[in-house]
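Enquirer: generate coordinates for the sequence data below:
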Amino acid sequence: MKIKVLPEDFVVEEIAEIPAGTGPVSAYLLEKKGLTTLDALAAVARAFNRPRKDVRHLGLKDRHAVTRQHFWIEGGPEKSLREKELSLTFLRRAPAPPVSRGNRFRIVLRDLDPVEAPRLAEAAASIAADGIPNFYDSQRFGSARHGEGFVGKKILLRDWEAALELHLARPSSFDPEARRKRMLAFKRHWGHWERCLEAAHSRTEDHIFGYLMRRRGDFAGALKLIERPMLALFMHSYQSWLWNEAVSRYFKHALPSDLLFSARYLGGRLWFPRFVPADRVSAWRRLQVPLIAYRTVFSDPAIGQAYGEVLRAEKITQKEFRPAGHNMPYMKGEDRALLMVPAGMEVTLPEPDELHAGRRKAVAAFSLPRGGYATLVVKRLRLGISEGADSVVAEGAAEEGD
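Expert: Predicted coordinates:
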């Protein structure tokens with residue numbers, strides 16, 4: 001199974017409510033293709049001559065897709081914007097920002113095995129009935145795509161230099177060639193800050209290496225020069241991965257192995273129940289699993305046990321989640337539902353795939369609550385039609401989106 005062979009194969013539309021009435025908030029609808037949300041945010045800020053922090057969004061959307069989402073600017077202009085890869089439409093003024101209710105997806109599933117394709121309807125019905133684990137998928141872990149660890153973990157361990165080096169000098173196969181060459185140069189010349197500054201391209205890189213030339217050894221100070229949203233993303237990426245690992249362990253403790261199957265993703269392996277046992281449906285639909293933070297207390301002993309096993313494997317303790325100090329990012333505790341249940345789940349009948357001779361394609365459409373990953377639904381569909389113990393969902397482009 002392949003998705004995102006073409007950007008138009010993956011369409012995401014944000015479901016949002018704009019508060020009634022009028023006020024100081026200018027609300028906009030953004031359509032983009034081939035851009036991350038943060039790239040689009042920067043483009044809007046430049047076009048409107050506003051500081052980047054003034055242009056606010058509800059959530060991140062995939063780069064390798066056609067996406068429609070809401071932006072807002074306090075006191076923003078009542079005008080629209082058209083550029084090559086984005087279109088911004090002014091909606092109206094409101095008393096408060098838009099509120100996200102989730103997203104509607106339309107995904108073309110390509111390169112389907114003709115034998116497996118007819119099982120799609122049954123797999124979709126199972127997902128609609130039971131829901132699926134509310135994992136974070138590969139898009140959340142772009143900062144660790146080099147496969148050498150999490151920047152957020154290094155920050156927790158107060159290893160500032162290692163955190164900075166992971167971010168700046170550890171390229172991956174997903175990186176554009178120019179960025180990859182630059183990061184390899186940083187890796188080769190690490191510690192020789194003048195040479196690194198010569199290879200720098202962005203303003204942040206200039207600031208970091210210029211700072212290290214003046215304040216050698218102050219890696220904590222240099223780390224603070226990275227934009228705070230990016231630092232927060234590093235922390236949440238590791239926190240999300242820990243959540244995935246704990247939930248996978250929870251399922252492995254709760255169910256016999258023959259009731260589980262797995263799918264690979266950028267963070268390793270995710271474990272899915274083949275179905276939710278009747279005696280667990282109600283409890284699992286209510287269960288909220290915390291994203292671990294310094295003061296997290298586990299009300300469910302089984303979840304606490306799963307997290308304990310993960311932390312021991314990571315050789316880290318919950319005490320090390322203590323906030324690191326002024327202007328340093330930290331992990332905030334919050335709950336996340338164990339399961340998510342897609343609404344309005346529909347799958348079309350398979351038909352010939354014009355891009356893959358002898359294969360089939362189908363279209364899946366569904367809505368998810370905010371924070372849900374549509375690619376997980378695709379993974380679960382693939383597991384359902386293959387009845388295998390493992391699954392890989394191929395994408396037409398590297399899974400590096402937002």
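
Enquirer: from Ile226, how far out is the residue nearest to the spatial centre of the chain?
Expert: For the chain, the residue nearest the mean C-alpha position is Arg140 (2.7 Å; Cα atoms, centre = their mean). The span separating Arg140 from Ile226 equals 18 Å under the rule Cβ to Cβ, to the nearest Å. Backbone N, C-alpha and C define where each C-beta goes, glycine included.

Enquirer: where does pLDDT dip in the protein?
Expert: The chain contains residues with pLDDT under 70 at 387-402.

Enquirer: scan it for its longest helix.
Expert: The helix spanning the most residues in the chain, taking DSSP state H as the definition, is helix 228-254.

Enquirer: strand partners of the helix or strand just after it, parallel vs antiparallel please.
Expert: On the C-terminal side of helix 228-254, the nearest following helix or strand under DSSP states H and E is strand 260-265. The strands that strand 260-265 pairs with in its sheet are strand 268-273 (antiparallel) (by DSSP bridges).

Enquirer: list the contacts of the partner strand.
Expert: By Cβ atoms under 8 Å, 6 or more residues apart in numbering, the surrounding residues in contact with strand 268-273 are 130, 132-133, 135, 244-245, 248, 251-252, 255, 259-264, 376, 379-380, 383.

Enquirer: picking up where we left off before, what angle sits between the longest helix of the chain and strand 268-273?
Expert: For helix 228-254 against strand 268-273, the angle between stretch directions is 50 degrees (axes from the mean of the first three to the mean of the last three Cα atoms, to 10 degrees).

Enquirer: leaving out the residues flanking it, which one is nearest to the residue nearest to the centre of the chain?
Expert: Ser240 (5.0 Å; Cβ to Cβ, 6 or more residues apart in numbering).

Enquirer: roughly how far apart are the one you found and Glu31?
Expert: Between Ser240 and Glu31 the computed distance is 27 Å (Cβ to Cβ).

Enquirer: so these two - more neighbours on which side?
Expert: Ser240 (21 against 15; other Cβ atoms under 10 Å).

Enquirer: the more buried one against Ser138, yeah?
Expert: No: Ser240 is not in contact with Ser138 according to Cβ atoms under 8 Å; the separation is 11.0 Å.

Enquirer: part of a strand, is Ser100?
Expert: Yes: residue state for Ser100 (DSSP: H, G, I helix; E, B strand; the rest coil) corresponds to a strand.

Enquirer: quick check: domain ranges of this protein?
Expert: 9-101, 158-226 (automatic domain parsing).

Enquirer: now tabulate these in TSV and tack on distance to Ala357.
Expert: Formatted as TSV, the domains of the chain follow (distance: least, Cβ to Cβ, whole Å):
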stretch	distance to Ala357
domain 9-101	18
domain 158-226	28
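
Enquirer: for Trp284, find the nearest of those.
Expert: Across those, the minimum distance to Trp284, taken as Cβ to Cβ, is reached by domain 9-101, at 22.9 Å.

Enquirer: the closest residue to Phe10 other than its chain neighbours: what's it in contact with?
Expert: Once flanking residues are discounted, Phe10 sits nearest to Ala65: 3.9 Å by Cβ to Cβ, 6+ apart. With contacts taken as Cβ under 8 Å, 6+ apart, Ala65 has the following neighbours: Lys4, Pro7, Phe10, Val11, Val12, Lys33, Gly401.

Enquirer: could you do Gly59 as well?
Expert: Shown here is Gly59, whose contacts under the criterion Cβ under 8 Å, 6+ apart are Glu14, Thr37, Gln69, Ser100, Asn103, Arg370, Gly371.

Enquirer: of all those, which comes closest to Leu338?
Expert: For these, the residue nearest Leu338 by Cβ to Cβ is Gly371; the value is 13.0 Å.

Enquirer: okay, that closest one and His64: tell me how far apart.
Expert: Gly371 sits at a distance of 19 Å from His64 (criterion: Cβ to Cβ).

Enquirer: what does Leu311 give?
Expert: Using Cβ to Cβ, we find Leu311 at a distance of 34 Å from His64.

Enquirer: which of these two has more neighbours?
Expert: Higher neighbour count among Leu311 and His64: His64, with 24 against 18, using other Cβ under 10 Å.

Enquirer: wouldn't that one be in contact with Pro7 here?
Expert: Yes: using Cβ under 8 Å, His64 is in contact with Pro7, at 6.2 Å.
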